[in-house]
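Visitor: Provided below are the primary sequence and the corresponding predicted coordinates.
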Amino acid sequence: MKNKIKYTDENLEFGEIMEDFLPPPEKLTLKEIKVQIPVELTETNLSFLKEKADKNNMSYQNLIELIINEYIKQNAGNFT
């Protein structure tokens, strides 16, 4: 090392103290276990989903999952 490090006796300033910003443990949600299933789609439906997924910068698999989740949320009370 050619350059010598010059140390000074400056006061170190610490950042301001923040309150806890994380939710309590009982409010944290656990990651759901995902199960892979085979799905058969028509070429028309698949190309539509791929097109929409590309426009939203996501995979078509994630788009399918979001569609299914939304359908179940809207119709959860109707299943008996």
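Guide: Ah, there it is. Numbering: from 1, shown residues only.
Visitor: hmm, what's the outermost residue in the chain?
Guide: Farthest-out residue of the chain from its mean C-alpha position, per C-alpha atoms, centre = their mean: residue 2, at 47.5 Å.
Visitor: what about the helix or strand bottoming out on mean pLDDT in the chain, distance to the chain center?
Guide: Taking mean pLDDT, DSSP states H and E as the measure, the helix or strand of the chain with the lowest value is helix 60-75, at a mean of 93. Helix 60-75 has its average C-alpha position 15 Å from the chain's average C-alpha position, going by C-alpha atoms, centre = their mean, to the nearest Å.
Visitor: equivalent analysis for stretch 56-67, please.
Guide: Computed by C-alpha atoms, centre = their mean, the separation of stretch 56-67 from the middle of its chain amounts to 12 Å.
Visitor: who's in contact with that stretch?
Guide: Stretch 56-67 has contacts (C-beta atoms under 8 Å, 6 or more residues apart in numbering) with 39, 46, 49, 50, 52, 53. Yep, even glycine has a C-beta here, placed from its N, CA and C like the rest.
Visitor: mind listing what's buried along the least confident helix or strand of the chain?
Guide: Applying a neighbour-count criterion of 16 or more other C-beta atoms under 10 Å, one finds 60, 63, 64 buried in helix 60-75.
Visitor: can you give me the distance of the first one to residue 45?
Guide: To residue 45, residue 60 is 10 Å away according to C-beta to C-beta, to the nearest Å.
Visitor: sorry, back to before: redo the buried residues of helix 60-75 as JSON lines? Include distance to residue 70.
Guide: Formatted as JSON lines, these follow (distance: C-beta to C-beta, whole Å):
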{"residue": "60", "distance to residue 70": "15"}
{"residue": "63", "distance to residue 70": "11"}
{"residue": "64", "distance to residue 70": "11"}
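Visitor: closest one of those residues to residue 23?
Guide: Of all those, the one sitting nearest residue 23 is residue 63; the distance, using C-beta to C-beta, is 28.7 Å.
Visitor: just the helices in this structure please.
Guide: Listed in chain order, the helices of the chain (DSSP state H) span 43-55, 60-75.
Visitor: which one of these lies closest to residue 30?
Guide: Between residue 30 and these, the shortest separation by C-beta to C-beta is 16.4 Å, and it involves helix 60-75.
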